[in-house]
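1. Got a predicted structure plus its sequence, pasted below:
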Amino acid sequence: MPYHSEFAESAQATAPRLECAKKICVVAGTRPEAIKMAPLALAVRKDPRFELHLLATGQHREMLLEPLKFFDLEPDDFLGIMKKGQTLDYVTAAVLQETGKVFDRIRPDMVLVHGDTTTTFASALAAFYRGIPLGHVEAGLRSGDLGQPFPEEMNRLLADRICTLWFPPTPGAKANLLAEGCPEERITVTGNTVIDALLSAVERVEHPETPELTRIPEDLPLALLTAHRRETWGEGLERICDAVQELLRFEPHLWFVIPMHLNPVVRHVFVRRLGEEKRVILCDPLHYPDFVWAMRRSFVILSDSGGVQEEAPALSKPVLVMRNVTERPEAVEAGTALLVGTDPEKIVAETRKLLEDESYYRSFLGKNTKPFGDGSASAKILEALHGYFQENSIDIKD
Ligand code: UD1
Ligand code: UDP
């Protein structure tokens, strides 16, 4: 077992509950929600003022359960709704209906949702229909374009419209909420819980468990690449593969690790286009600690992921964001992230410049490494919850 075990032991610790402990239902459905809600769920579990109910919708299956397990969390309810090739309609309806049933049964004092997925929106709606106070973790991010990220920009907007407490990660996200009329006294800037997760994972990462990762020659540069977004599907993915092939041709020492999302729509393209390339390691999604290892091992990260844009600055890694717009401008402003879209010429030019121009590479580093917080987001959220329950002696169980 290459990871430290003390963390798991301390995470197990639960203090005796206070009699008036408030039941907090933490909802997670996909990989990023699992990773970003894990530190918060652990904090709730350890705090005698609260009682944790972890509700996993199963919008994702393997990619949800694996990170929860890494953080020593087991769902109290697992709805298992995922189907191969699921549609947005199906996921929305299934999550709405099934989370509603759980809320009716467990009657939580507060539901906490995270981010911008279909799980986020549909479970928020189920809580709203029942008048259950709702907290939105990672509230307030806006790209300003309903088409990018799609449908996430809409999911996040709608969840923000119906919640009770807002937990934006940054002052910029808070400003977005204020501009939309959210009451300031219900908003707490917390930093992003992904930094809480990352810092605890970094401590536990020694060597990767994934055998494929041991193939990377120790002295050669590594680029880590992920892509999965709906707006990248099709032409975008083909263009990203064009860029990888160009880079392999121009840069004879460069290696790639591409952990492929389990969605067949994404995997088919990578396998068809890059499956025979010797310096490309195409693998299954990496377990979170191995992905953290790969981020640290890489000299550059190319990604359309939201979470990765937040983790890269904390690890002082340049990230080329393969999107046209981002709802996370802080990393771009901090200088560690650059928007390159899916234009092969731009991806190739920027990657090569980072490889070959040391001062350019350095210009990405050493700036603000904490645009998304310092790892204290979960603690701040718990204090805000406590404050809310003190001010509002509503007991929804009556
Ligand atoms: C979802 C979220 C997206 C988030 C991403 C994180 C929505 C609309 N999209 O997109 O915001 O960035 O998760 O990764 O909520 N699959 C598996 N096993 C898994 C996970 C997925 O087989 O553990 C396959 C299934 O065939 C599934 C497909 O991937 O039908 C798509 O999953 P889905 O959650 O609908 O969309 P994502 O693209 O993963
Ligand atoms: N991640 C992981 N294994 C991988 C790829 C990503 O553990 O193979 C982690 C990554 O560190 C980040 C999160 O998954 O914390 C991001 O998830 P994803 O890119 O699927 O979704 P998004 O953040 O774009 O919504």
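-> The structure has been received and is ready for your questions. None of the values given here were measured: they were computed from a predicted structure. Numbering: from 1, shown residues only. Ligands and ions are numbered 1, 2, ... in the order given.
2. what about residue 307, which helix or strand?
-> Under the criterion of DSSP states H and E, residue 307 resides in helix 306-314.
3. mean confidence for that helix?
-> The predicted model assigns helix 306-314 a mean pLDDT of 96.
4. List the contacts of it.
-> With Cβ atoms under 8 Å, 6 or more residues apart in numbering as the test, helix 306-314 has contacts from 32, 35-36, 115-116, 149, 152, 169, 192, 194-195, 198-199, 226, 292, 295, 301, 303, 318-319, 321, 326-328, 331, 334, 336-337, 368-372. Bear in mind the C-beta positions are built from the backbone N, C-alpha and C, glycine included.
5. and those, which of them are in strands?
-> Mapping those onto strands (DSSP state E) picks out 226, 301, 303, 319, 321, 337.
6. Would you reformat the residues you listed as JSON lines and include pLDDT?
-> Shown next, in JSON lines, are those (pLDDT from 0 to 100):
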{"residue": "226", "pLDDT": "98"}
{"residue": "301", "pLDDT": "98"}
{"residue": "303", "pLDDT": "98"}
{"residue": "319", "pLDDT": "97"}
{"residue": "321", "pLDDT": "98"}
{"residue": "337", "pLDDT": "96"}
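7. ok, these vs ligand 2, which is closest?
-> residue 226 (5.2 Å; Cβ to the nearest ligand atom).
8. who touches the closest one in this structure?
-> With contact taken as Cβ under 8 Å, 6+ apart, residue 226 is in contact with 258, 259, 261, 302, 303, 304, 305, 308.
9. now do 10 Å
-> 257-261, 266, 285-286, 291, 294, 301-305, 307-308, 322 (Cβ atoms under 10 Å, 6 or more residues apart in numbering).
10. Near ligand 2, list only the ones from those.
-> Checked against ligand 2 using Cβ under 6 Å from any ligand atom, these give the following subset in range: 259, 285, 286, 291, 305, 307, 308.
11. mind listing the strands in the stretch 101-250 of the chain by residue range?
-> Per DSSP state E, counting those that start in this stretch, the stretch 101-250 of the chain carries strands over the ranges 110-114, 134-137, 165-167, 222-226.
12. so for the third one, what's the average pLDDT?
-> This points to strand 165-167. Strand 165-167 shows a mean pLDDT of 98.
13. go on, the second one?
-> Averaging pLDDT along strand 134-137 gives 98.
14. Show me just the buried residues among the contacts of residue 226.
-> Buried members of the contacts of residue 226, scored by 16 or more other Cβ atoms under 10 Å, are 257-261, 266, 285-286, 291, 294, 301-305, 307-308, 322.
15. what about the helices in the stretch 151-300 of the chain?
-> 152-162, 171-179, 193-204, 235-250, 264-274, 288-297 (DSSP state H, counting those that start in this stretch).
16. now those in JSON lines, with mean pLDDT and distance to residue 187?
-> Output for these, formatted as JSON lines (pLDDT from 0 to 100; distance: least, Cβ to Cβ, whole Å):
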{"stretch": "helix 152-162", "mean pLDDT": "98", "distance to residue 187": "10"}
{"stretch": "helix 171-179", "mean pLDDT": "98", "distance to residue 187": "6"}
{"stretch": "helix 193-204", "mean pLDDT": "95", "distance to residue 187": "16"}
{"stretch": "helix 235-250", "mean pLDDT": "98", "distance to residue 187": "34"}
{"stretch": "helix 264-274", "mean pLDDT": "98", "distance to residue 187": "35"}
{"stretch": "helix 288-297", "mean pLDDT": "97", "distance to residue 187": "29"}
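17. could those helices go into TSV alongside distance to residue 342?
-> Converted to TSV, the helices of the stretch 151-300 of the chain look like this (distance: least, Cβ to Cβ, whole Å):
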stretch	distance to residue 342
helix 152-162	17
helix 171-179	25
helix 193-204	24
helix 235-250	4
helix 264-274	12
helix 288-297	21
